[in-house]
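Novice: Take this sequence and fold it.
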Amino acid sequence: MIPRTVFSGIASLLRALSLVTLVLAPTWLNPAISIAARAPTPPPTAELATHLTSIAGLAASSPTVLIPEGKFLLGSVRVDDDPYGMGTQFDDTELPQHRVWLDAYEIDRDEVSLGEYLSYLHQRKLHPSKDLQHLIWHVITVHSVSDDTLAQWPALYVTWKEADSLCRSMGKRLPTEAEWEKAARGPEGNRFPWGESLPDNSLAMFGQHHVHEIPILAPVSSGEPGRSYYGLHHMAGNVAEWVNDWFGFDYYAYMPERNPPGPTSGRYKSLRGGSWKSRPIMLRTATRSGAPADQRLLGTAATVALSIQNGANIIRVHDVKPNAQALRMIEAILNGVA
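Specialist: Presented below is the predicted three-dimensional model:
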């Protein structure tokens, strides 16, 4: 998992392996082939299948961004007298703040689009989840959302296990939590991807609400005003992101100072970045949380980013999540402590 020096020319070669702009025949009606031993997802209707094929055919890949080697400021400093302030740790999982060294790596500027995700599923003769099928059909038929618009949405309803499978199928991997945080906040620990100013709707897609829980999303290629220190889009809001690490409540206290790979085991996978319906505190670059690897939450989304490690890539995948405090409560209940 530890990236090393990025070789010039590798990015474009590896990016050519991504799922982009394929002309797809309408094969969505074929029986689903399940990734794991689970009940097959029901196939879409013929009319929906036509739209899914169209959306997949409109997929476009993201440019990549080089994150240079060096130290960066990870985590937060404890603040006890301002419990709801944006400069306060969301919870103790962000402590202690310290500098961590990462080797150079590359990462996609944009989130993986719904078009790219549907193209991935098509290549494997897999159907989108029932929830995703329902959402796409609803926004097309009720809200008149076009295939072109949907192709630019971030990919939705993706579990960590599916995200990991997607990465591996492309010869890539999910970033570590440290790699994600550096790409989001830069070397000096920006509070938000764009800097220290509080979020507003010109900088991030957040704090949205729809009575039917329809995601209110921005196109993956948008987000230039709220770009991160290194130029990445939507590292706060829009959709939150799966990373490779198991969620370690106290991992920051004992993580190695160079290229931390994350805990070796755990109950939850880490999630970062906040989503379209998050509160501002969830958009902080240091805020952490996690969810079960097989959980498919309402409004979840996946995006991909690219990095180099010993000749392999990293993929960044986004998802909406419960917060770390809720997870600790669940952990305590399961362990009979609460």
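Novice: after the helix or strand of the chain with the lowest mean pLDDT, next one along is what?
Specialist: Here the helix or strand of the chain ranked lowest by mean pLDDT, DSSP states H and E is helix 10-15, holding a mean of 24. Scanning forward in sequence from helix 10-15 by DSSP states H and E, the next helix or strand is helix 46-57.
Novice: Average the pLDDT values over the next helix or strand after that next one and round to the nearest integer.
Specialist: Using DSSP H and E, the helix or strand that directly follows helix 46-57 along the chain is strand 64-67. Averaged across strand 64-67, the pLDDT comes to 94.
Novice: can you give me the strands for the stretch 151-300 of the chain?
Specialist: Using DSSP state E, counting those that start in this stretch, the strands of the stretch 151-300 of the chain run over residues 155-156, 241-246, 269-272, 289-291.
Novice: Identify the residues contacting stretch 279-289?
Specialist: Stretch 279-289 has contacts (CB atoms under 8 Å, 6 or more residues apart in numbering) with 74-76, 84, 86, 89-91, 93-94, 177, 181, 184-185, 189-193, 198-199, 204, 206-207, 235-237, 240, 247, 270-275, 321-324, 327. Bear in mind the C-beta positions are built from the backbone N, C-alpha and C, glycine included.
Novice: 7 Å instead, please
Specialist: 75-76, 86, 90, 93-94, 181, 184-185, 190-193, 198-199, 204, 206-207, 236-237, 270-272, 274, 321-324, 327 (CB atoms under 7 Å, 6 or more residues apart in numbering).
Novice: just the buried members of the residues you listed?
Specialist: The neighbour count (16 or more other CB atoms under 10 Å) marks 75-76, 86, 90, 93-94, 181, 184-185, 190-193, 199, 204, 206-207, 236-237, 270-272, 274, 321-324, 327 as buried among the contacts of stretch 279-289.
Novice: What ranges in the chain fall below the confidence cut-off?
Specialist: Low-confidence segments of the chain, defined by pLDDT under 70: 1-39, 83-84, 297-338.
Novice: Swap in 80 and give it another go.
Specialist: Within the chain, the ranges that satisfy pLDDT under 80 run 1-40, 81-85, 87-89, 167, 169-171, 210-213, 296-338.
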